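Student: whatever this is, show me its structure:
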Amino acid sequence: QVQLVESGGGLVQAGGSLRLSCAASGRTDTFSNYAMGWFRQAPGKEREFVAAITWNSGSTYSADSVKGRFSISRDNAKNTLYLQMNSLKPEDTATYYCAVKRLGGSYYYTANYHSWGQGTQVTVSS
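Tutor: Modelled structure (predicted):
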């Protein structure tokens, strides 16, 4: 089993930036050999896709709502996944989660991911 721990969340003003990290421990070969994703969940809403990256960083995928503002990256040597968030908006306020993608299936659906972290809260004030 791989364990994932997110960090880097906080309170930021609109237009500001944050960098989230997702550190893997345990079966870190699971981290380095599989695609990873970031999702977010706002109060009263379903968890939604934010961004994903293939195991070798060859391809990335982003939700339309964050394209041009957020970028996903990973460092397999450090077993860490990142989400750089720029030009933050109040509607980006949510708990952000990282997870490991299963083989096959769409990058955009939560059902295709496992080993979720506990989440890190991001609050953007207007």
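
Student: what's stretch 4-19 in contact with?
Tutor: The contact list for stretch 4-19 (CB atoms under 8 Å, 6 or more residues apart in numbering) reads 20-25, 82-90, 95-100, 115-126. In this view, the C-beta of every residue, glycine as well, is placed from N, C-alpha and C.

Student: for residue 23, list each beta-bridge partner.
Tutor: Note on residue 23: beta-bridge partners residue 5, residue 80, judged by DSSP bridges.

Student: geometric centre of this protein: which residue is closest?
Tutor: Geometric centre of the chain, nearest residue: residue 38, 2.2 Å, by CA atoms, centre = their mean.

Student: in contact with residue 100, which residues are there?
Tutor: With contact set as CB under 8 Å, 6+ apart, residue 100 has these partners: 2, 4, 30, 31, 34, 35, 36, 113, 114, 115.

Student: okay, who's weakest in these by pLDDT?
Tutor: Lowest pLDDT of the contacts of residue 100: residue 30, 77.

Student: which element, helix or strand, includes that one?
Tutor: helix 28-33 (DSSP states H and E).

Student: gap between the helix or strand that that helix is followed by and the chain center?
Tutor: Beyond helix 28-33 on the C-terminal side, the first helix or strand identified by DSSP H and E is strand 36-41. Here strand 36-41 is found 4 Å from its chain centre; the criterion is CA atoms, centre = their mean, to the nearest Å.

Student: hmm, who's touching strand 36-41?
Tutor: By CB under 8 Å, 6+ apart, strand 36-41 touches 20, 22, 47-53, 72, 74, 81, 83, 92, 94-101, 107, 110, 113, 119, 122.

Student: what strands flank that strand, and is each parallel or antiparallel?
Tutor: If you go by DSSP bridges, strand 36-41 pairs up with strand 48-53 (antiparallel), strand 94-101 (antiparallel).

Student: which residues does the helix or strand just after the first one contact?
Tutor: By that I understand strand 48-53. Using DSSP H and E, the helix or strand that directly follows strand 48-53 along the chain is strand 60-62. With CB under 8 Å, 6+ apart as the test, strand 60-62 has contacts from 50, 51, 52, 53, 54, 70, 71, 72, 107, 108.
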